[in-house]
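# Have a look; sequence and predicted model below, questions after that.
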Number of protein chains: 2
Amino acid sequence: MNSNNTQSSILIIGAGLCGSLLALRMAQRGYQVQLIEKRPDLREVHQDAGRSINLAFSDRGMKGIKRVGLEEEVKKLCIPMHGRMIHNLGAEPFMSNYSGRDNEYINSISRTDLNAMLLDACDKMDNIEIKYNLACKNVSLEEAKATFEDYTTKEQTTFSADVILGADGAGSSVRKSMFLNKNFLFSFSQDYLTHGYKELSIPPAENNGYRTFKNALHIWPRGEDMLIALPNLDGSFTVTLFLPYSDSDYCYDTLTTPEMVTEYFEKEFPDVLELIPNLAEEFFENPTGPLGTIKCSPWHCYGKNLILGDAAHAIVPFYGQGMNASFEDVAVFDDILDAHEGESWEAIFKAYEAARKPDTDAIANLAVDNFHEMKEHTASDLFQQKRKLEMAFEAEFPEDYHSKYSLVTFKEDIGYKEAKMRGRAQDKAILNLLDDGKLPDTLPLKEKLNIVNKETQDILHDDEVIGNL
Amino acid sequence: MNSNNTQSSILIIGAGLCGSLLALRMAQRGYQVQLIEKRPDLREVHQDAGRSINLAFSDRGMKGIKRVGLEEEVKKLCIPMHGRMIHNLGAEPFMSNYSGRDNEYINSISRTDLNAMLLDACDKMDNIEIKYNLACKNVSLEEAKATFEDYTTKEQTTFSADVILGADGAGSSVRKSMFLNKNFLFSFSQDYLTHGYKELSIPPAENNGYRTFKNALHIWPRGEDMLIALPNLDGSFTVTLFLPYSDSDYCYDTLTTPEMVTEYFEKEFPDVLELIPNLAEEFFENPTGPLGTIKCSPWHCYGKNLILGDAAHAIVPFYGQGMNASFEDVAVFDDILDAHEGESWEAIFKAYEAARKPDTDAIANLAVDNFHEMKEHTASDLFQQKRKLEMAFEAEFPEDYHSKYSLVTFKEDIGYKEAKMRGRAQDKAILNLLDDGKLPDTLPLKEKLNIVNKETQDILHDDEVIGNL
């Protein structure tokens, strides 16, 4: 039995956000860590344009960051976003806050800056060795041996360790080796949305000012399509267009000329057109990325290999939780290591998957739901009534009400699964009560809250009767 | 554009149940059909033991069979099963009917006999050419060319056609070629249950009599494990054990000696032990099969390739709908060919997937749910109360009530998706009404039905408010 103790050597594949945080925490626990990355050191090269330059960082991400003591360093990189600035066509934009509590907001953060900060911290640890430009080609899972190809020389090298932790992202080589292994059953899914994404940019105003309101996540919901924008520290915004690949008047298949792109923006996003000087150039230079969800099980095999982060559960970006979920993985794994000290790696991996997978499955589904909410519902009346009521509940009764968004994003002490279950029941309760006219304006707010809570409990109870049958 | 007309040559890969029915219908429509099968002609060889020897055949399967005019031939192979005979441990078995209407029941049928009957019918068609012992190795999707390897000579041959229809089952080569193709996004999932299945057999009594009640699907529900038995025409029953692979006192990992297998059956299935004389021998000789669900999309590509049946949507066997769904595929495809006469194959394939996929997704989920219902709930009190009430509704008001089971199994005029939505809402209504004491025995049956229908409508409406938001 491959027993877990700090003499264990650990090979971490992937030095992205998840892998570098994981390496740091494992090194702090005393393990010998080799961290191997396919790409060059991102602190030394110019970054690719058009590949999620900034991200939403919130409480679950901070939970992981706290484990390694870097909260102050991260805060310096954060731009608070207090809500969604919703730009309906032909109307004044309005702000829809993420929470009625002032201390609850999300942040825009640069992926590169955050990753560089983590790598700087890794460099300071004597027991982490980092190698770049080595792409994992395959993993001999039974032996915990991985073969890598050098980007420049194409030379192949094999590394082995007591355990391999695969943090090698949505296209994970470790996961692929598990998929191809015929000695165990591997459940796996890859699900693509009909839409792809493309990044564009709003440049800074003079003196690094912002061309539109800084402290918000901007959304231009258009039913089937959507544009969003997140602020960067230098005054620019990273804009992302979500558009169908095909089967629509305006889609990637039809937007093939600068004229068509301009026509589309003139019609759907006239206010944005003014803010993006190089629209057509960026549209055709930047890649179109797919939006996929990956789930699988088991996450581990032979008591020697485990996948974490996007490698185990890649999700679509619409809840702003991809990186937060990966960082929370590190915190959960850290807890499991505490709880199972001295036990075998197999027992640890099993306990970790059992504890974690229900939550990552939940956030995967929530993220797909939020795609529809963002592009369609943020513009709808019933939805806006619900959000206003929830903001009022949270402001007046901050201890007694948390919307689904708050449960998912800010209540890092409960898991995604519970947040999803409670949040969906609340949404169903409020929307149906509003639809049935059972929350008239004349009712005091406290009474409305009681009615919503009662209805929510009834919904959860009815579901439980079925579930437990 | 690859246009659809009866001059089109069609290559069907797989001459199992779906492929042979499809070949027959396409030939009846006038197409030139090549039908290629990996295995030998099943009419000429002895069959493998332990691989779903019999199946449940019901109305949706008959819908496909009617298209080729073979209903009388099929009926000769059918053994009606009017309900579940439930064998609780230490109690007398009791019958739980599938419907309160006398004309609604399912049938046990031999996979081999049914397939042979379809191949006999194919042999009579001048425009079907069947080849055996040719395993598909890969498909050049853009060119509609498939390469096959001869089982005996290992020689490779390539066949091409205007369109390829992949009916090559859960392990489909056509689907694998689509999965590996990088020119389009392919959503795919394979999901395994924690349980595997193993087939055993109860031999005939003297003079081809039956050792237990003939006209039922027998279930021995044991919470985590389950045994079922379906009758064969020769007096035998095919028994299937559903047991976890691991992490249980009795599981495939622990049942490694004849003594352990006998101990397990003595404890859990003492009445069955008497009926299976060669238990240990069969247990160790027959393979353990996985229970997986496969979903994917798109089902077609380049306007030249389409997958149908298990190749597109393999499901677990617990609703008895695997073969029925595949036969219904042929009926739906036949309707689409009528509705889109003269249009391109691409338009036909798109219309077919749009019409059919929501239904096959629904039956996949229903089948997994039914696994839990069969092994756990058939033994529960609340569930039995619900079933009794539903039987009474169906017997007294045959036009006004159809249980979820009836909607899925016998109402072949509605799709699986609608059956699932209505059926689940009814289940939720009845179970919660029973649990809340709102259907007391003193109420007349008609009034109970009204209450159930009202509650069902409310549930559907509440879900609609959320869904449409």
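Thanks, I have it.
# The residue of the stretch 51-200 of chain A found nearest chain B: neighbouring residues, count only.
Nearest to chain B in the stretch 51-200 of chain A, going by C-beta to the nearest C-beta, is residue A:189, at a distance of 3.3 Å. The way it works is simple: take the backbone N, C-alpha and C, and place the C-beta from them, glycine included. Around residue A:189 sit 18 other residues, with neighbours defined as other C-beta atoms under 10 Å in any protein chain shown.
# quick one: contacts for the residue nearest to the spatial centre of chain A?
Against the mean C-alpha coordinate of chain A, by C-alpha atoms, centre = their mean, the closest residue is residue A:322 at 1.4 Å. Residue A:322 makes contact with A:55, A:310, A:314, A:315, A:367, according to C-beta atoms under 8 Å, 6 or more residues apart in numbering or on different chains.
# Over to residue A:32?
Per C-beta under 8 Å, 6+ apart, neighbours of residue A:32: A:7, A:8, A:9, A:10, A:127.
# Which of the residues you listed sits closest to residue A:157?
Distance to residue A:157, by C-beta to C-beta, is smallest for residue A:9 among the contacts of residue A:32, at 15.9 Å.
# What about the closest one, how many residues nearby?
Residues contacting residue A:9 under the criterion other C-beta under 10 Å number 15.
# Same check on residue A:251?
18.
# Now the phi/psi pair for it, please.
The phi and psi torsions at residue A:251 (degrees, to the nearest 10) take the values phi -160, psi 170.
# Can you pull the phi/psi pair for the nearest residue to it once chain neighbours are set aside?
Distances taken as C-beta to C-beta, 6 or more residues apart in numbering or on different chains put residue A:244 closest to residue A:251, at 4.4 Å, once the chain neighbours are dropped. The phi/psi pair for residue A:244 (degrees, to the nearest 10) reads phi -60, psi 150.
# same thing with residue A:459?
phi -60, psi -40.
# didn't it look like it was pressed against residue A:428?
Yes - counting by C-beta atoms under 8 Å, residue A:459 touches residue A:428, with 5.7 Å between them.
# coming back round to it: top of the contacts of residue A:32 by number of neighbours, please.
residue A:10 (23 neighbours).
# For that residue, give its distance to residue A:305.
11 Å (C-beta to C-beta, to the nearest Å).
# again with residue A:103
Residue A:103 sits 40 Å away from residue A:305, going by C-beta to C-beta.
# Next: residue A:290.
26 Å.
# out of the two, which sits in the more crowded spot?
Taking other C-beta under 10 Å, residue A:290 and residue A:305 do not tie; residue A:305 has more neighbours (28 against 14).
# hey, what's the more buried one bridged with?
Counting by DSSP bridges, residue A:305 forms beta bridges with residue A:164, residue A:301.
# what sits against it?
Applying C-beta under 8 Å, 6+ apart, the residues contacting residue A:305 are A:139, A:141, A:144, A:163, A:164, A:165, A:166, A:174, A:178.
# which of the residues you listed has the most neighbours?
Of these, with other C-beta under 10 Å as the count, residue A:166 tops at 30 neighbours.
# can you tell me which residues contact the closest residue to that residue other than its chain neighbours?
Once flanking residues are discounted, residue A:166 sits nearest to residue A:174: 2.9 Å by C-beta to C-beta, 6+ apart. Each residue near residue A:174 by C-beta under 8 Å, 6+ apart is listed here: A:13, A:136, A:139, A:146, A:164, A:166, A:168, A:305, A:307, A:311.
# Same question for residue A:255.
Residues near residue A:255 by C-beta under 8 Å, 6+ apart: A:243, A:261, A:264, A:283.
# let's see 6 Å
The contact partners of residue A:255, by C-beta atoms under 6 Å, 6 or more residues apart in numbering or on different chains, come to residue A:261.
# near chain B, which residues of the stretch 101-250 of chain A show up?
Contact residues (C-beta under 6 Å from any C-beta of the partner chain) of the stretch 101-250 of chain A with chain B: A:185, A:187, A:188, A:189, A:190, A:191, A:192.
# Correct me if wrong: the last one contacts residue B:185.
Pointing back at residue A:192 there. Yes - assessed by C-beta atoms under 6 Å, residue A:192 is found in contact with residue B:185 at 4.2 Å.
# Got phi/psi on residue A:236?
Torsion angles, degrees, to the nearest 10, at residue A:236: phi -80, psi 170.
# what's the answer for residue A:148, then?
phi -120, psi 150.
# and what of residue A:390?
Backbone geometry at residue A:390, expressed as degrees, to the nearest 10, gives phi -70, psi -40.
# Enumerate the residues of the stretch 301-450 of chain A near chain B.
Residues of the stretch 301-450 of chain A that fall close to chain B, judged by C-beta under 6 Å from any C-beta: A:377, A:428, A:431, A:432, A:435.
# Apply 8 Å and report the result again.
Within the stretch 301-450 of chain A, the positions near chain B by C-beta under 8 Å from any C-beta of the partner chain are A:376, A:377, A:380, A:382, A:383, A:427, A:428, A:431, A:432, A:435.
# what bits of chain A have low per-residue confidence?
Scanning chain A for pLDDT under 70 picks out the ranges A:1-3, A:47-52, A:378-379, A:468-469.
# remind me, longest strand of it?
Secondary structure assigned by DSSP state E gives strand A:187-202 as the longest strand of chain A.
# report the angle between the axes of that one and strand B:187-202?
Orientation check (axes from the mean of the first three to the mean of the last three C-alpha atoms, to 10 degrees): strand A:187-202 against strand B:187-202 gives 170 degrees.
# which is the next helix or strand following strand A:187-202?
strand A:217-222 (DSSP states H and E).
# That following strand packs against which elements?
Secondary-structure packing of strand A:217-222 (3 or more C-beta pairs under 8 Å, 6 or more residues apart in numbering or on different chains; DSSP states H and E): strand A:83-86, strand A:225-231, helix A:345-375.
# quick one, which of these is packed in tightest?
strand A:225-231 (a mean of 23; mean count of other C-beta atoms under 10 Å in any protein chain shown).
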